[in-house]
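Peer 1: Requesting a structural model of the entry that follows:
(chains A, B, C and D)
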Number of protein chains: 2
Amino acid sequence: MKMKVKIKNKKEVSPERLSKRIKISPKNRNGLERLLKCQAKRGLKYSKKRAAIIEYFIKADRHYTVEQLYNEIKEIVPNIGYSTIYRTLRLLVDCGMARTHHFGETDTRFELVHKEQHHDHLVCEKCGRIIEFTNNGIEKFQNAVAKEHNFLVKNRELQIFGVCKRCQQRKR
Amino acid sequence: MKMKVKIKNKKEVSPERLSKRIKISPKNRNGLERLLKCQAKRGLKYSKKRAAIIEYFIKADRHYTVEQLYNEIKEIVPNIGYSTIYRTLRLLVDCGMARTHHFGETDTRFELVHKEQHHDHLVCEKCGRIIEFTNNGIEKFQNAVAKEHNFLVKNRELQIFGVCKRCQQRKR
DNA sequence: ATTAATAATGAAAATGAAAGTCAAGATCAA
DNA sequence: TTGATCTTGACTTTCATTTTCATTATTAAT
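Peer 2: Residues are numbered from 1 along each chain as shown, chains lettered A, B, ... in the order given. Predicted coordinates for the structure are as follows:
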């Protein structure tokens, strides 16, 4: 008779092995570690397609919609399904390797998490370009407001909408 | 034979008449004016249900999802349809009497526009409360960032997520 | 290398919010 | 009161996202 083995005692997948398979630049190493831990904890297996998506997403380092990423990935990995993109991005978000935004659009945008500091976004309403910026001034401001309201800050999201330099130049 | 009358030459609906029907506090008078102009421009007619929704929305002055507003309105106006809520809120947004937000949720939230100054939001992740605040400091900051990037600012949206005073007090 | 267990995949169906359609009812100027 | 036209609720449609499921791939243990 067989014992039912519960999902609890999963063995950790060797990080060395997987990091050999997913080619990642050093600066994303810690992100990858998190991913591997996350995979191990859930008993996920390695998969070529997932690895390809993750590699691509990390290298491109842009603010992708699922559709955009799908269109670019399918050139590299034929037969890739829409759901796999969705699933992989969700995995990255759950592992803390990605983050979502809604820049006034209907589609969700996914952004790689690899910077130490918090950053915010300038969103061009003409061309859709997204420019990241950091500014320490806002921290002070934010803390002042929070204090005033006895509010415990966990996170913030600031978008500045407008017209980027390039779109201003090429008038109309 | 009949001439096709184009939507162009609509007569303006008398504001006095309509403002008698939609009961509004003085501070929302200018919002209402805008709505009436908007109605007139589009040749919209008066309707009890729309008026009821608008009155309710203005009086409550909260950040409603369509679902919330629907649930509350249907107690007052039986038989009200979901679509009517959607349509009315869209009308308010088009007229500039309301504004939408996405506070990290899937549902859109609608907020009454009646304050002169731009304001931002503290969003409590425990109870969902939304606290408005204004702070002039951020303007300077915003303008500095924009200048740095030669970015023409049209609008901004800042949310600070965390735990509100009340939720901090009633621990766990 | 083979196998047995189980995760990953793509296609298709399901879901959920938001928008559109339409026949019946309401409003308005004349 | 009337005729033109707007509004409504119920229904359908759309679109992004999630789930389902039968098939394929990966893994650890043989």
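Peer 1: Centre of the chain to stretch A:130-146, how far?
Peer 2: Averaging C-alpha positions (CA atoms, centre = their mean, to the nearest Å) puts stretch A:130-146 21 Å from its chain's average.
Peer 1: In that stretch, which residues are buried?
Peer 2: Neighbour-count burial for stretch A:130-146 flags A:I130, A:I131, A:F133, A:N135, A:I138, A:F141, A:Q142, A:V145, A:A146 (criterion: 16 or more other CB atoms under 10 Å in any protein chain shown). Any C-beta I mention is one placed from the backbone N, CA and C, and that applies to glycine too.
Peer 1: Pull the contacting residues for the last one.
Peer 2: Just to be clear, that refers to A:A146. For A:A146, the contact set (CB atoms under 8 Å, 6 or more residues apart in numbering or on different chains) comprises A:L152, A:V153, B:L122, B:I160, B:G162.
Peer 1: ok, the spatially most central residue of chain A to A:I58 distance?
Peer 2: Centroid check for chain A by CA atoms, centre = their mean gives A:A98 as the closest residue, at 2.0 Å. Distance of A:A98 to A:I58, computed by CB to CB, to the nearest Å: 9 Å.
Peer 1: intersection of neighbour lists for the two?
Peer 2: Common neighbours of A:A98 and A:I58 (criterion: CB under 8 Å, 6+ apart): A:L112.
Peer 1: ok, which stretches of chain A are helices?
Peer 2: A:15-21, A:29-42, A:48-60, A:66-76, A:82-95, A:137-148, A:165-169 (DSSP state H).
Peer 1: where among these is the average confidence lowest?
Peer 2: Mean pLDDT is lowest for helix A:15-21 out of the helices of chain A, coming in at a mean of 49.
Peer 1: Return the residues of chain A in contact with DNA strand C.
Peer 2: Residues of chain A lying close to DNA strand C (CB under 7 Å from any atom of the strand) are A:2, A:5, A:7, A:39, A:43-45, A:47-50, A:77, A:79-84, A:87-88.
Peer 1: okay, now the domains of chain A?
Peer 2: A:11-112, A:120-169 (automatic domain parsing).
Peer 1: ok, and what's touching the biggest strand by length in chain A?
Peer 2: Selection of the longest strand in chain A by residue count, based on DSSP state E, yields strand A:152-163. For strand A:152-163, contacts defined as CB under 8 Å, 6+ apart pick out A:101, A:103-104, A:118, A:120-126, A:138, A:142-143, A:146, B:104, B:125, B:142, B:145-146, B:151-164, B:168.
Peer 1: and what of stretch A:118-137?
Peer 2: Applying CB under 8 Å, 6+ apart, the external contacts of stretch A:118-137 come out as A:63, A:101, A:103-104, A:109, A:117, A:138, A:156-164, A:166-167, B:140-141, B:144-146, B:148-149, B:151, B:154.
Peer 1: First-to-last residue distance for that stretch?
Peer 2: In stretch A:118-137, first residue to last residue: 12 Å (CA to CA, to the nearest Å).
Peer 1: so does that stretch get close to DNA strand D?
Peer 2: No: using CB under 7 Å from any atom of the strand, stretch A:118-137 never reaches DNA strand D; the gap is at least 14.0 Å.
Peer 1: Relative to the whole chain's centre, how far out is that stretch?
Peer 2: Relative to its chain's centre, stretch A:118-137 lies at 16 Å (CA atoms, centre = their mean).
Peer 1: And A:A60, how far from chain B?
Peer 2: To chain B, A:A60 is 22 Å away according to CB to the nearest CB, to the nearest Å.
Peer 1: Provide a list of residues in contact with that residue.
Peer 2: Applying CB under 8 Å, 6+ apart, one finds that A:A60 lies in contact with A:E72.
Peer 1: Swap in 10 Å and give it another go.
Peer 2: A:Q68, A:L69, A:E72, A:I73, A:L112 (CB atoms under 10 Å, 6 or more residues apart in numbering or on different chains).
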